[in-house]
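[1] Sharing a model that was predicted from the sequence below.
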Amino acid sequence: MRMEQREGARFKKELVSKLLYFYFKDQKTKVSSDAVTIMCEMLKIFVIEAAARTARQASNEDSTTGDIEHFEKVLPQLLLDF
């Protein structure tokens, strides 16, 4: 199944927009609708990749479930990659 055909959880544009504005120092900073859309996609990809790497790490350790310890092991490289 191709990626664009899958349905699943999505980040709401309103939430992402509020999170972006929360971290801006200058209150005059504006974010376009396209930028929020792209940020939503980037967050979705980040979460999917984090889950995949966590599952791979768990599998490498002969575990049937990925838990926080597996996630913590992949997090540094994941952050460097993004």
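    Structure received.

[2] Please report how far Thr29 lies from Met39.
    Distance of Thr29 to Met39, computed by C-beta to C-beta, to the nearest Å: 14 Å. Every C-beta, even on glycine, is put in place using the N, C-alpha and C of the backbone.

[3] Have a look at the two and say which one is more surrounded.
    Neighbour tally, Thr29 and Met39, criterion other C-beta atoms under 10 Å: the higher count belongs to Met39, 17 against 10.

[4] so what's Tyr23 scoring on pLDDT?
    Listed pLDDT for Tyr23 reads 87.

[5] Quick one: mean pLDDT for the longest helix anywhere in the chain?
    The single longest helix within the chain, with elements called by DSSP state H, is helix 33-60. Throughout helix 33-60, pLDDT has a mean value of 95.

[6] what's the distance between it and the middle of its chain?
    4 Å (C-alpha atoms, centre = their mean, to the nearest Å).

[7] Stretch 25-45 too?
    On the basis of C-alpha atoms, centre = their mean, stretch 25-45 sits 14 Å off its chain's mean C-alpha point.

[8] Send me it as CSV with only the CA atoms.
    C-alpha atoms of stretch 25-45 as CSV (Å, rounded to 0.1, in the frame of the first residue of the first chain):
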residue,chain,number,x,y,z
LYS,A,25,9.9,35.4,20.6
ASP,A,26,8.5,38.1,18.4
GLN,A,27,4.7,38.3,18.6
LYS,A,28,4.7,39.8,15.1
THR,A,29,6.0,36.6,13.5
LYS,A,30,3.5,35.1,11.0
VAL,A,31,3.2,31.5,9.8
SER,A,32,1.6,30.8,6.5
SER,A,33,-1.0,28.0,6.1
ASP,A,34,1.5,26.2,3.8
ALA,A,35,4.2,26.3,6.5
VAL,A,36,1.8,24.8,9.0
THR,A,37,0.8,22.1,6.6
ILE,A,38,4.4,21.2,5.9
MET,A,39,5.2,21.2,9.7
CYS,A,40,2.3,18.8,10.2
GLU,A,41,3.7,16.4,7.6
MET,A,42,7.2,16.7,9.1
LEU,A,43,5.8,15.9,12.6
LYS,A,44,3.9,12.9,11.1
ILE,A,45,7.1,11.6,9.4
